[in-house]
Structures are given as structure tokens and as C-alpha cells.
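# got a sequence here, can you build the structure:
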Amino acid sequence: MRPMTQDGSECSALRRVEAVAEEFHDLPIEVVVKEDCLRSGIWFEPDALRQGHAYARKSYFIFSFDHLPLEEMEGEQAREDAPEEIALEGGAWGFRRVIVSVRLNPDSPYRVGLGEDNGLRLLCDGEPIAEVTFSPTPPYYGDALDDGTPITEVAPSIEWGYLLYLTVFRMCQYFGKEEECQFCDINRNFKQQRALGRPYHAIKPLDRLLAALDRVVQSGARAEAYTLTGGSITSRLESKDEASFYIEYAEAIEERFPGRWIGKMVVQALPKEDVRRIHAAGIGIYHPNYEIWDRDLFERICPGKARYVGRDTWIARIIEAAEVFGPERVIPNFVGGIEMARPFGFKTEEEAWRSTGEGLDYFMSRGIAPRFTTWCPEPLSALGSAGPASLRYHVGLLKLWRDTHARHGLPAPPGYGEPGIGNAVFSVSSFMDVIE
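Alright, predicted model coming up:
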């Protein structure tokens, strides 16, 4: 569907980018295009995927991050051969390098095709914008463990090789519409991957994970950090509560590879005693993701988190965690854009900015810098048909984050590599790109 102006008339995606870039002229044009690609998706012309060069393919490391189910892409080369990420650089607008996570959408105005010199190009509405490079192949890709499991299923690499993403529990015990986060497709993505016969396992055995990491080390891969994560555990999993389940993996990794990588853990906002155990296991950065600030929207969009933990307790535990890790190493995520999800989200960008800005100021005034993931309306999630939020909202949110971060004099968040346009590798939002 073509983008529309406020009076209901059609406008082109390229015109939309130019208008938003002009309004937010103090932000790099690169992040305007990056955010539009993240919210709108990208598609690949078949010739662009037939170049024969090596690159890391999309691993579906936790969610689908696509705009349509995989079964609806049957016969499309992009389903099997889309890259994990792309880098945009140079071109007509003189881009400095920016890394973009690939979210597939055949209806997107953004296409990757071949230029006259057979080089890869990003086109918007058919107009070339930037040169494209596909994500590099880590040296261990293509290898399998002794049991035949591809190492990429166990320890995929994202963020241009910076991060190992270790999803050790591929499902979530917040299950069904009454409990699961409404933007999330973790459970349904697991089912669709299994239905296609892909080697997707609900729980990654610890010995298999360690064997995969042995191969990663032997290969000389340049990863500098790992994220240990998975779905929430509301009761028990393998006779363990959530903290104990994930801590077992962290302790084993740090014992086998002491200090080799920055260890990060994405779990729920847990009691302080559990947070101390996570820290003692060797984890250096804690991500208790709160997803959305507004109280009413939190209860609507994250009903399981609201019921099992509660918004006030979640926020209080984030603050308590800063006493254990230090505030700069507690980095909760919010999903940028869901605050405008139809039908119960905010009606205007200004209202949504005010609400999210209140949350940013609350945490940043205490030395805690939240990050965000740009919302992609995944069709297998409850909110799959409820978005996306406008490009203007997403770019305004970047400005709000950057200005609040600067006003409180906070350092660049650790565990994400170098900040700034041309340096940042975080690919699912542009918050690292806008740090000056």
C-alpha cells in the first residue's frame, strides 16, 4: 500500500523520506532511511541474490522480523537467501556506512537490485539511494557440530559480526493472546521454522552450545560480545526457575571462556537476589526489557508481564538492578513504535513522544540509558495488522533519545561497539548511530 499524506492523498516513500529528513535536519539522512527500512521492510530482486559472493544469511535468531509469514514466500529466493543485514554507504546521497537488519516485505518501496556496474544498490520507489553490501560471513558459518546441527542454529552472529546471539529457549511461557506481548511472535516463529523443516530446537542443550562456542573461538571469529536470552519462564523449565535456567548457561560460558566476550543477558525484571546471581555468574550487562512506558498501554500490550510482575514492580526492579551492575550496565529495551499501534495506541506523534520521553527522562536521570528496537509489525503477532508507526514518529523518537541522553551527560551504552554514524553496528534501531 502506498504511503498517504494526512489529507488521504498518495505520496511516494522517497518524498516522505525527504520531508522527514528536512524536518529533522539535525539528524543524519542515513538514519531516516534506516528507520524507514526497518519499519517498512526490504525486498531483494532475484539477480541481487545470485551474485555468488559469500554472505551471512538471515538466521531468524529469535523473532521473524518479517512482514509476512515464511509460507507465503514459498518459491521466493529471498526466503532462503536474504542476508542477515545490509550496509548502506555512498551512492547519490553520499551515505556514511549504516547497518540495517533485514526485514522481508515484498510490498516494500525499498528494493535491493543491481546497478549498471552490477554492484548492489538500494532503490526507493525505483530511485537508487545507496550502495549495498551484504553482511560478512563469519569464519565458522557453514560448519556443523558432530551431531549434524549447523553452528548457525546454535550461535548465529549479528551486528556485522560483533555479537553472538544465543537464544537458548526459543519459546516463551507467556503463551496465547491473554499473556503474550502483543507485538511478539517468538512462539509462532518457532512453529513456522519447525513447519519448514528447519533445525530449530526449543531448548539448546548446554553441551551443544559450548561445543558451538568452541568452534567459534577456533575459527577466529571477531565477535566481542554475546547475548544470552530466550522466552520468559513463568513457572519452571527443566525443573529450574527463570534465573536458574539462564544462569546455568552463563556460568558454563564464563568458566569455559573466562572474559573472552562481554556477556549480556536479556531476561525479565527479576528480584534483586536473582540479579546478584546473574552478575556473579559473569554477566556484565543486564537487559530487563520494559517494552513500553505508558501504564495503560503496558497492561494492554504486555498482559503477561503486567499480570506476573506488574509495571511498578518491573520499573522498581530496573532501578534496583542498577545498584548491582551500575546504572550504565542496566539497559532496558523498549519497542519503538508500539505506543502508536492501532486501535488503542496514541493518536498523534506528539502524544507518543511525550509519553516515551517521560520514561526516557525517568531512567536517564538515574543514569540508566534504555535502548530501543524499531517495531516491525510481524503478521504472526497479535499486533501484526496494527502498524507500522509513521516514519516521522520513529525519527522524532531518535531525536528525543539523543537529546535526552546528551542532556543527562550519559556515556555511550557499553556492549554495542563504537557509536556514531559510520561506526555503529547495532542494526535493529538507530539509537547508536545518532550518538555524537
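# which residues touch residue 119?
residue 131 (Cβ atoms under 8 Å, 6 or more residues apart in numbering). Every residue, glycine included, has its C-beta placed from N, CA and C.
# swap the cut-off to 10 Å and go again
Contacts for residue 119 (Cβ atoms under 10 Å, 6 or more residues apart in numbering) come out as 51, 90, 131-133.
# out of the residues you listed, grab the one that's most surrounded.
residue 132 (26 neighbours; other Cβ atoms under 10 Å).
# what sits opposite that one in the beta ladder?
Applying DSSP bridges to residue 132 gives these bridge partners: residue 88.
# begin at 677, not 1, for the rest of this chat.
Right, with 677 as the first residue, what we last looked at is residue 808.
# wait, it sits on residue 776?
Yes - counting by Cβ atoms under 10 Å, residue 776 is a contact partner of residue 808 at 9.3 Å.
# what residues do these two have in common as contacts?
Counting by Cβ under 10 Å, 6+ apart, the residues touching both residue 808 and residue 776 are 718, 759, 762-764, 798.
# hey, where'd the helices end up in the stretch 877-1026 of the chain?
882-895, 918-932, 948-956, 971-977, 979-984, 987-1001, 1025-1040 (DSSP state H, counting those that start in this stretch).
# quick check: angle from the longest one to helix 987-1001?
Using axes from the mean of the first three to the mean of the last three Cα atoms, to 10 degrees, the inter-axis angle of helix 1025-1040 relative to helix 987-1001 is 40 degrees.
# ok, back up a step: which single one of the shared contacts of residue 808 and residue 776 is nearest to residue 871?
For these, the residue nearest residue 871 by Cβ to Cβ is residue 759; the value is 23.1 Å.
# what's near enough to touch that closest one?
By Cβ under 10 Å, 6+ apart, the neighbours of residue 759 are 718, 720, 724-725, 731-734, 776-778, 788, 796, 808-813.
# now with 6 Å, please.
731, 778, 810-811 (Cβ atoms under 6 Å, 6 or more residues apart in numbering).
# just flag the most distant two among the contacts of residue 795.
Between any two of the contacts of residue 795 (Cβ to Cβ), the greatest distance is 17.7 Å, for 727 and 766.
# and the furthest pair within the contacts of residue 759?
Most distant of the contacts of residue 759, by Cβ to Cβ, are 731 and 778, 10.8 Å apart.
# contacting residues around stretch 1048-1063?
714, 740-741, 744-745, 779, 853, 858-861, 864, 1009-1014, 1017-1018, 1064, 1104-1105, 1107.
# also stretch 849-866?
739-740, 846-848, 907-910, 977-980, 1011, 1014, 1054, 1056-1059.
# what do you get for stretch 778-788?
689, 713, 716-721, 724, 734, 741-743, 754, 758-759, 798-801, 808, 1052.
# okay, and which of these map to strands?
Using DSSP state E, the subset of the contacts of stretch 778-788 located in strands is 719-720, 798-800, 808.
# residue 954 versus residue 810, what's the distance?
35 Å (Cβ to Cβ, to the nearest Å).
# may I have stretch 1002-1022 as PDB, with CA atoms only?
Only the C-alpha atoms of stretch 1002-1022 are listed here, as PDB (Å, rounded to 0.1, in the frame of the first residue of the first chain):
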ATOM      1  CA  GLY A1002      26.000   0.000  37.900                       C
ATOM      2  CA  PRO A1003      23.400   2.100  36.100                       C
ATOM      3  CA  GLU A1004      25.200   2.300  32.800                       C
ATOM      4  CA  ARG A1005      25.200  -1.500  32.600                       C
ATOM      5  CA  VAL A1006      21.400  -1.900  33.000                       C
ATOM      6  CA  ILE A1007      20.000  -1.300  29.600                       C
ATOM      7  CA  PRO A1008      16.200  -2.000  29.300                       C
ATOM      8  CA  ASN A1009      14.700  -2.200  25.800                       C
ATOM      9  CA  PHE A1010      11.500  -0.600  24.600                       C
ATOM     10  CA  VAL A1011       9.900  -1.400  21.300                       C
ATOM     11  CA  GLY A1012       9.800   1.900  19.500                       C
ATOM     12  CA  GLY A1013       6.500   2.400  17.700                       C
ATOM     13  CA  ILE A1014       4.100   0.100  19.500                       C
ATOM     14  CA  GLU A1015       2.900   3.100  21.500                       C
ATOM     15  CA  MET A1016       1.100   4.100  18.300                       C
ATOM     16  CA  ALA A1017      -0.300   0.700  17.500                       C
ATOM     17  CA  ARG A1018      -3.900   0.700  16.400                       C
ATOM     18  CA  PRO A1019      -6.600   0.800  17.800                       C
ATOM     19  CA  PHE A1020      -5.600   1.700  21.400                       C
ATOM     20  CA  GLY A1021      -2.200   3.500  20.900                       C
ATOM     21  CA  PHE A1022      -1.700   7.200  20.900                       C
END
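# may I see the buried residues of that stretch?
For stretch 1002-1022, the buried set under the neighbour-count rule, 16 or more other Cβ atoms under 10 Å, comprises 1002-1017, 1021-1022.
# chain center to that stretch, what's the gap?
Its chain's C-alpha centre and that of stretch 1002-1022 lie 12 Å apart, by Cα atoms, centre = their mean, to the nearest Å.
# same deal with stretch 1075-1095?
17 Å.
# how long is that stretch end to end?
15 Å (Cα to Cα, to the nearest Å).
# burial count for residue 772?
Count around residue 772 with other Cβ under 10 Å applied: 15.
# kindly provide the distance from residue 862 to residue 738.
From residue 862 to residue 738 the distance is 6 Å (Cβ to Cβ).
# kindly report the same for residue 701.
Taken as Cβ to Cβ, the span from residue 701 to residue 738 is 35 Å.
# what's the answer for residue 900, then?
Distance from residue 900 to residue 738, by Cβ to Cβ: 20 Å.
# check residue 710 too.
Taken as Cβ to Cβ, the span from residue 710 to residue 738 is 20 Å.
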